[in-house]
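any chance you could fold what I've pasted below:
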Amino acid sequence: MKYELQPTLPPPANTTGVLGWMKRNLFNGPINSAATIVLGYFLLMTLGPALKWMFIDADWFGDSKAACTSGGACWVFITHRFDQFMYGFYPEEGYWRINAAFIIFAACIAWLVIEKTPYKGYVAAFTLLIYPFIAFFLIYGGSFGLEVIETHKWGGLSLTLVLAVIGIVAAMPLGIVLALGRRSNMPIIRSFSVIYIEFWRGVPLITVLFMASVMLPLFVTEEITLDKLVRALIGITLFQSAYIAEVVRGGLQAIPKGQYEAADALGLGYWKSMIFIILPQALKLMIPGIVNTFIALFKDTSLVLIIGLFDLLAIVQSANSDPEWLGFATEGYIFVGFVFWIFCFGMSRYSMGLERRLQTGHNTR
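Alright, predicted model coming up:
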């Protein structure tokens, strides 16, 4: 008897597409099905009125709270003060300087993030070594005919980004050095690293900022005047480097001992083996922890209000106390939360993509 192969049948409709996803994830058992129905009803009862308040009944444009007459969200409060939320008390005629600095930075980051762009090494060197001076002269001024804008006029989202970016870039190499020091065979270096890490991890950031603002000037000569923003950046860097050091140390301990032995067998010295063999592998394993630390730092920048710096959250809080705009604190906090979520979610998604591209998982076979 002759048998003929029949064409493959398509999978059942209820196992693919949206229906298949819902069946696998939402209705794959009686408990999950009941939980899905209850949570769906709760979301329907709460999400509907919230969306109606936020979008359908909202007021978007105007010059005062008199424009908010529909009973929904008064986004006029945000649109009317948008420039202040972005730039703080920076002079309006100088907004282009902040925009230019961040556009250059965004272009450099995009160049480094996109996979097929050439000359990444040169762009990375430019971003780390040359761009900081360009950004400083653009935002602060004092050269090339640009007016000096003191740091106490900086604020809003631009100040939040300055604190976060500089804190991340400065804390990363210091944290790596501290992690290597904690694993060093030299007792003095290891003891210093352990004491440093445990001290800064045991102190709240708000205390560090207060100490940096009040006590740091006592340890420098009278001829040196440390700007309030510089003091905050020093405190943030010292604090955050301790947490990065522990993340890096965890990655170093995850590297098999055979990798160290292979580097020794090749005749590589300590620094060459670390730079070319150990750290590249460890940093791939540390991507989730490092990004989580960066996200925490980005959110913790709001604590600089304690030393008189007005970041995005502080600017919104000060605007809430304006007698002409009383009663719209909810809209302000929703706006701040949305902005922070955008940046944190972006960092999280990029780290997940980077993990997949670098294949940080290990084959257990």
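
find the residue at the geometric middle of the chain.
residue 295 (3.8 Å; Cα atoms, centre = their mean).

contacting residues around it?
344, 347-348 (Cβ atoms under 8 Å, 6 or more residues apart in numbering). C-beta here means a position set from N, CA and C on the backbone, and glycine is covered the same way.

for the chain, which residues score under the pLDDT cut-off?
Residues of the chain meeting the criterion pLDDT under 70: 1-3, 9, 11-16, 360-365.

before we move on, the earlier item: give me the element the residue nearest to the centre of the chain is part of.
In this structure, residue 295 sits in helix 287-300 according to DSSP states H and E.

which residues does the very next helix or strand once past that helix contact?
Downstream of helix 287-300, the first helix or strand assigned by DSSP H and E is strand 310-311. Residues from elsewhere that reach strand 310-311 (Cβ under 8 Å, 6+ apart): 88-89, 155-157, 159-160, 163, 301-302, 304-305, 318.

count of residues packed around residue 235?
24 (other Cβ atoms under 10 Å).

right, I mislabeled it, should have said residue 232
That count, for residue 232 with other Cβ under 10 Å as the rule, works out to 28.

and if you look at residue 38?
10.

now it: how far from residue 44?
Distance, residue 38 to residue 44, by Cβ to Cβ, to the nearest Å: 11 Å.

re earlier: need the buried ones from the contacts of strand 310-311 selected in ChimeraX.
Here is the ChimeraX selection string for the buried members of the contacts of strand 310-311, based on 16 or more other Cβ atoms under 10 Å:
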select :88,155,156,157,159,160,163,301,302,304,305
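
which one among the contacts of strand 310-311 gets closest to residue 26?
Set against residue 26, the nearest of these by Cβ to Cβ is residue 302 (36.2 Å).

the contacts of strand 310-311 into a markdown table, with extra columns for distance to residue 135?
Shown next, in a markdown table, are the contacts of strand 310-311 (distance: Cβ to Cβ, whole Å):
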| residue | distance to residue 135 |
| --- | --- |
| 88 | 16 |
| 89 | 19 |
| 155 | 17 |
| 156 | 16 |
| 157 | 15 |
| 159 | 13 |
| 160 | 15 |
| 163 | 13 |
| 301 | 17 |
| 302 | 22 |
| 304 | 19 |
| 305 | 23 |
| 318 | 26 |
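
closest to residue 120 among the contacts of strand 310-311?
Using Cβ to Cβ, the contacts of strand 310-311 come closest to residue 120 at residue 163, 26.4 Å.

so how far is the helix holding residue 295 from its chain's centroid?
6 Å (Cα atoms, centre = their mean, to the nearest Å).

isn't residue 127 up against residue 106?
No: between residue 127 and residue 106 there is no contact under Cβ atoms under 8 Å: 11.0 Å.

and these two? which has more neighbours close in?
Taking neighbours as other Cβ under 10 Å, residue 127 and residue 106 compare with residue 127 leading, 18 against 10.

now the buried members of the contacts of residue 295.
344, 347.

between the contacts of residue 295, which is nearest residue 114?
Among the contacts of residue 295, and counting by Cβ to Cβ, the member closest to residue 114 is residue 347, at 16.6 Å.

what packs against the helix or strand containing that closest one?
Assigned by DSSP H and E, residue 347 belongs to helix 329-358. Applying 3 or more Cβ pairs under 8 Å, 6 or more residues apart in numbering; DSSP states H and E, one finds that helix 329-358 contacts helix 76-80, helix 287-300, helix 312-320.

turn those helices into a markdown table, including distance to residue 94.
Converted to a markdown table, these look like this (distance: least, Cβ to Cβ, whole Å):
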| stretch | distance to residue 94 |
| --- | --- |
| helix 76-80 | 20 |
| helix 287-300 | 25 |
| helix 312-320 | 17 |
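
out of these, which is closest to residue 52?
Nearest to residue 52, of those and by Cβ to Cβ, is helix 76-80 at 17.7 Å.

other residues contacting that closest one?
59-65, 67-68, 85, 319, 325, 328, 331-332, 335.

after it, next one along is what?
With DSSP H and E, the next secondary element past helix 76-80 is helix 82-87.

any buried residues in that next one, and which?
84-87.

could you do stretch 148-156 as well?
Buried-residue list, stretch 148-156, by 16+ other Cβ under 10 Å: 149, 151, 154-156.

for the buried residues of helix 82-87, which one is nearest residue 202?
Looking across those and measuring by Cβ to Cβ, the closest to residue 202 is residue 85, at 34.7 Å.

which one is the closest one nearest to, not counting chain neighbours?
Of all residues not flanking residue 85 in the chain, residue 156 sits nearest, at 5.2 Å (Cβ to Cβ, 6 or more residues apart in numbering).
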